[in-house]
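Trainee: Quick check, what structure comes out for this input:
(one chain, ligands or ions: 1)
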Amino acid sequence: MADQKRPHQSDQKDQKDQKKDAFVTEITPRSEDFSRWYLDVVRRAELADYSPVKGCMVIRPYGYAIWEHIQRLLDARFKATGHVNAYFPLFIPEGLLMKEKEHVEGFAPQVAWVTRGGDEELEERLIVRPTSEVMVGTMYAKWIKSWRDLPVLINQWANVVRWEKVTRPFLRTTEFLWQEGHTAHETADEAEAETLKILGIYKDFAETDLAMPVIDGLKSDSEKFAGASRTYSIEALMGDGRALQAGTSHNLGQNFAKAFEIQFQGRDKSLQHVWTTSWGVSTRLIGGVIMTHGDDGGLVLPPHVAPIQVVIVPIPRGNWKDTVLPKAEAIKAELEARGVRVKIDASEENSPGWKFAEYELRGVPLRLEIGPKDLEKSQVFSARRDTREKAAIPFDGLAERVLAVLEDVQRALYLRARAFRDEHTTEVSTWDAFVAAMAGRPGFVIAPWCGSAACEAAIKAETQATLRNIPLASPRVSGQCVKCNGAAGVQAWFAKAY
Ligand SMILES: [Zn+2]
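Mentor: Sure thing, here's the model as predicted:
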């Protein structure tokens, strides 16, 4: 598409409009203060707002619409792989939490307690679920009797509460929304296969629909889920060079099965414990999308999860309400018939220039402008959010062209994010190089690691970098650990992280 200058844009801005434009672009530049930029975008794009409850946010309709698309796209993948949805209680009796030792130690510091109901002290305190393994485990012990009952593949869409001291909208809040899958299997191999299958779904979803490249791999023992045998994660790199854990999938072995007596009669009639998994992604993904794609103009949304994929702005000139507006509505109907999410902003309070800036700030992937001159030429004028590329699109074949552009935006965002990650990933083999890489441009550092928790802790203490994961695709190496010079069998990915 040729870059074309639009002739009638600049002459329609009067002073009042310029004041409004200044208001719209009231966002701290990303390069100046990334953290401030993030909060400005969340607030100005009306994704979320602070609430009277400390650490809890209100997800506003525009932000919630993104979550609904995330839910829809993930839920379809879960169902396609045999999972079903159910719902478990918000409250968990104290006694249940205490049954799995590592689990209780991991979660107790973050638990919110309910001690009274109405005006009566409760005999047994309740916790507000921080996650549901213990509740689900209790129920599975009742439901599973025989190998014929397996596997059980249940997911729940729910809210959870973890008492956080420092919070940030979407990334870390006391209450958040997520999905948590809980499955039970006949064999260890099946549980491991399920854990990896879900990790693959998360990776595919993150890359295909969020345009967010991720590294899928195994967590170290010190970073694994409390009570898990093995935790796998997907890790993304944000625009400031810090990593974000974007999803986790846990192989729980028989730890919860033994704590909750989830037993079944096997094919050989013997009584056995099941093998379980759990896995989740949360509203944190919205924070990931903001920080992966956003720029100084505000939000940049991948079309697959954008609440509005195309905004049509009619240019109010001459008898536009009788000519331009009906055509804009016809285009909207044509696009909607092809499954595109379209909004027309024909409001007269704001100038086209104000609207352009506003929908850019909200990350709408494609803007179509149409005025009397465009009508004469049988075309609309288009502007992409990601590249700001502008081009005329003829009425003839418009829907096909728009669909193609949206898919191109989706792909371009992914490629841009992947190039950024590659540019911010450094492979090192010595400790000096590791320290230099961490002190310089932020990003991932790949280094050989001996597997010891002591080395991992020393690396964190000296550089603030945590071991993100050991990628599934990582080659086996025979080198020296970057920290202790001991024998290293794997390459681990390190980064400062959210
Ligand atoms: Zn070491």
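
Trainee: make it CA atoms for all contacts and neighbour counts henceforth
Mentor: OK.

Trainee: most centrally placed residue in the protein?
Mentor: By C-alpha atoms, centre = their mean, the chain has its centre lying nearest to residue 285, at 1.5 Å.

Trainee: Spell out which parts of the stretch 351-498 of the chain neighbour the ion.
Mentor: Residues of the stretch 351-498 of the chain lying close to the ion by C-alpha under 5 Å from the ion are 450, 455, 481, 484.

Trainee: Would you enumerate the residues in contact with the residue nearest to the centre of the chain?
Mentor: Shown in contact with residue 285 (C-alpha atoms under 8 Å, 6 or more residues apart in numbering): 170, 171, 246.

Trainee: so the last one touches residue 238, yeah?
Mentor: This points to residue 246. No - contact criterion C-alpha atoms under 8 Å: residue 246 and residue 238 do not qualify, at 10.8 Å.

Trainee: Overlap in contacts, the two.
Mentor: When contacts are counted by C-alpha under 8 Å, 6+ apart, the set common to residue 246 and residue 238 consists of residue 288.

Trainee: So which of the contacts of residue 285 sit within strands?
Mentor: Among the contacts of residue 285, the residues falling in strands (DSSP state E) are residue 246.

Trainee: In contact with the closest residue to the ion within the stretch 101-250 of the chain, which residues?
Mentor: For the stretch 101-250 of the chain, the residue closest to the ion is residue 220, as judged by C-alpha to the ion, at 13.0 Å. When contacts are counted by C-alpha under 8 Å, 6+ apart, residue 220 touches 231, 451, 467, 469, 470.

Trainee: Relative to residue 383, which of the residues you listed is nearest.
Mentor: Closest approach between the contacts of residue 220 and residue 383, by C-alpha to C-alpha: residue 469, at 39.2 Å.

Trainee: That closest one looks like it's in a helix, true?
Mentor: No - in this structure, residue 469 is strand, not part of a helix, as judged by DSSP: H, G, I helix; E, B strand; the rest coil.

Trainee: one step back: next step: the residues of the stretch 351-498 of the chain next to the ion restricted to helices.
Mentor: Under the assignment DSSP state H, these contribute residue 455 to helices.

Trainee: and the residues of the stretch 351-498 of the chain next to the ion as JSON lines, adding pLDDT, neighbour count and distance to residue 149?
Mentor: Output for those, formatted as JSON lines (pLDDT from 0 to 100; neighbours: other C-alpha atoms under 10 Å; distance: C-alpha to C-alpha, whole Å):
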{"residue": "450", "pLDDT": "95", "neighbour count": "23", "distance to residue 149": "42"}
{"residue": "455", "pLDDT": "96", "neighbour count": "16", "distance to residue 149": "44"}
{"residue": "481", "pLDDT": "96", "neighbour count": "23", "distance to residue 149": "46"}
{"residue": "484", "pLDDT": "95", "neighbour count": "16", "distance to residue 149": "49"}
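
Trainee: Find me the pLDDT at the residue lying closest to residue 142 once chain neighbours are set aside, would you?
Mentor: In this structure, residue 142 finds its nearest non-sequential neighbour in residue 262, 7.7 Å apart by C-alpha to C-alpha, 6 or more residues apart in numbering. For residue 262, the pLDDT comes out at 98.

Trainee: Backbone dihedrals for residue 262, both of them.
Mentor: phi -90, psi 100 (degrees, to the nearest 10).

Trainee: contacting residues for it?
Mentor: Applying C-alpha under 8 Å, 6+ apart, we find residue 262 in contact with 137, 138, 140, 141, 142, 144, 256, 273, 274.

Trainee: What subset of those is buried?
Mentor: Buried members of those, scored by 16 or more other C-alpha atoms under 10 Å, are 137, 138, 140, 141, 144, 256, 273, 274.

Trainee: State the three-state secondary structure for the closest residue to the fifth one other than its chain neighbours.
Mentor: Once flanking residues are discounted, residue 144 sits nearest to residue 264: 6.2 Å by C-alpha to C-alpha, 6+ apart. Secondary structure assignment for residue 264 (three-state DSSP): strand.

Trainee: what do you get for residue 376?
Mentor: Assigned by three-state DSSP, the conformation of residue 376 is helix.

Trainee: Could you dump the buried ones among the contacts of residue 262 into a markdown table with distance to the ion, pLDDT and secondary structure added?
Mentor: Output for those, formatted as a markdown table (distance: C-alpha to the ion, whole Å; pLDDT from 0 to 100; DSSP: H, G, I helix; E, B strand; the rest coil):
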| residue | distance to the ion | pLDDT | secondary structure |
| --- | --- | --- | --- |
| 137 | 37 | 96 | helix |
| 138 | 40 | 96 | helix |
| 140 | 41 | 98 | helix |
| 141 | 41 | 98 | helix |
| 144 | 43 | 98 | coil |
| 256 | 31 | 95 | helix |
| 273 | 36 | 98 | strand |
| 274 | 35 | 98 | coil |
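
Trainee: Let's have the residues you listed in TSV, adding distance to residue 314.
Mentor: Output for the buried ones among the contacts of residue 262, formatted as TSV (distance: C-alpha to C-alpha, whole Å):
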residue	distance to residue 314
137	57
138	58
140	57
141	61
144	60
256	59
273	65
274	61
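
Trainee: Closest one of these to residue 421?
Mentor: residue 256 (37.2 Å).

Trainee: Was I right to think that closest one contacts residue 98?
Mentor: No - counting by C-alpha under 8 Å, residue 256 stays clear of residue 98, with 11.6 Å between them.

Trainee: Show me where the stretch 251-400 of the chain has its helices.
Mentor: 255-259, 284-293, 324-337, 352-361, 372-377, 398-423 (DSSP state H, counting those that start in this stretch).

Trainee: tell me the most buried of those helices?
Mentor: Looking across the helices of the stretch 251-400 of the chain with neighbours counted as mean count of other C-alpha atoms under 10 Å, the highest average goes to helix 284-293: a mean of 24.

Trainee: Next, the angle from that one to helix 398-423.
Mentor: Relative orientation of helix 284-293 versus helix 398-423 (axes from the mean of the first three to the mean of the last three C-alpha atoms, to 10 degrees): 80 degrees.

Trainee: I'd like the average pLDDT over helix 284-293.
Mentor: In this model, helix 284-293 has an average pLDDT of 98.

Trainee: neighbours around residue 492, how many?
Mentor: Residues lying near residue 492 (other C-alpha atoms under 10 Å) number 24.

Trainee: and for the helix or strand harbouring it, what are the contacting residues?
Mentor: Assigned by DSSP states H and E, residue 492 belongs to strand 490-495. Identification of contacts with strand 490-495 by C-alpha under 8 Å, 6+ apart yields 242-243, 438, 442-451, 465-471, 474-478.

Trainee: Thank you, goodbye.
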